[in-house]
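In: Provide a 3D model corresponding to the input given below.
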Amino acid sequence: QRSPKRIRRRSSSSPMLRFCLALLAASASALRVAPAARAPTVQAARAPAVAMAAAADDFVPDMQRRTIMNLVLLGGAGVPVLWLAGGYIYFLVPPGGGGGGAGGAEAHIGLPRRESALRQW
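Out: Residues are numbered from 1 along each chain as shown. This is a model prediction of the structure:
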């Protein structure tokens, strides 16, 4: 006689389930927001703060110096930009020069080249 097989029930409190429930509880408690405290509506009158952002000696370069500084800046920034743009454009230009047309393939596979045969086309 066979003994009846015992069916093992899975425990409802497996470690993975407990971990997921703890994670859910932690995230739910982190999302709670306390109500904002009301600020008093009465504000004291105060003078507006004026901030001066001038240099100590109040030196402002004249227009000629500003133009020269702008040209120096343009020249310094223009060199690498033009260098990179030139390389990019050079990459897009197809190789040229040389080449004998369709005759090169015939010579490569060993067929004789005939000028009259090429001129028929």
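In: Tell me where the protein has helices.
Out: With DSSP state H applied, the chain shows helices at 15-30, 63-92, 103-109, 115-119, listed in chain order.
In: Would you reformat the ones you listed as a markdown table and include mean pLDDT, mean neighbour count and distance to Asp57?
Out: Using the backbone N, CA and C atoms, a C-beta is placed for each residue, glycine as well. Listed next are these as a markdown table, based on pLDDT from 0 to 100; neighbours: other Cβ atoms under 10 Å; distance: least, Cβ to Cβ, whole Å:
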| stretch | mean pLDDT | mean neighbour count | distance to Asp57 |
| --- | --- | --- | --- |
| helix 15-30 | 78 | 10 | 54 |
| helix 63-92 | 95 | 10 | 15 |
| helix 103-109 | 58 | 11 | 75 |
| helix 115-119 | 61 | 9 | 82 |
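In: Format those as JSON lines; extra columns: distance to Pro48.
Out: Output for the helices of the chain, formatted as JSON lines (distance: least, Cβ to Cβ, whole Å):
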{"stretch": "helix 15-30", "distance to Pro48": "41"}
{"stretch": "helix 63-92", "distance to Pro48": "32"}
{"stretch": "helix 103-109", "distance to Pro48": "83"}
{"stretch": "helix 115-119", "distance to Pro48": "90"}
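In: For Arg38, find the nearest of the ones you listed.
Out: Closest approach to Arg38 among the helices of the chain is made by helix 15-30 (24.6 Å; Cβ to Cβ).
In: Return the closest one as CSV; C-alpha atoms alone will do.
Out: Coordinates of each C-alpha in helix 15-30 appear next as CSV, following Å, rounded to 0.1, in the frame of the first residue of the first chain:
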residue,chain,number,x,y,z
PRO,A,15,11.2,36.0,2.5
MET,A,16,10.6,37.6,-0.9
LEU,A,17,7.0,38.5,-0.1
ARG,A,18,8.1,40.0,3.2
PHE,A,19,10.8,42.0,1.5
CYS,A,20,8.3,43.4,-1.1
LEU,A,21,5.8,44.4,1.6
ALA,A,22,8.6,46.1,3.6
LEU,A,23,9.7,48.0,0.5
LEU,A,24,6.1,49.0,-0.3
ALA,A,25,5.6,50.3,3.3
ALA,A,26,8.9,52.2,3.2
SER,A,27,8.1,53.9,-0.1
ALA,A,28,4.6,54.7,1.0
SER,A,29,5.8,56.4,4.2
ALA,A,30,8.4,58.3,2.2
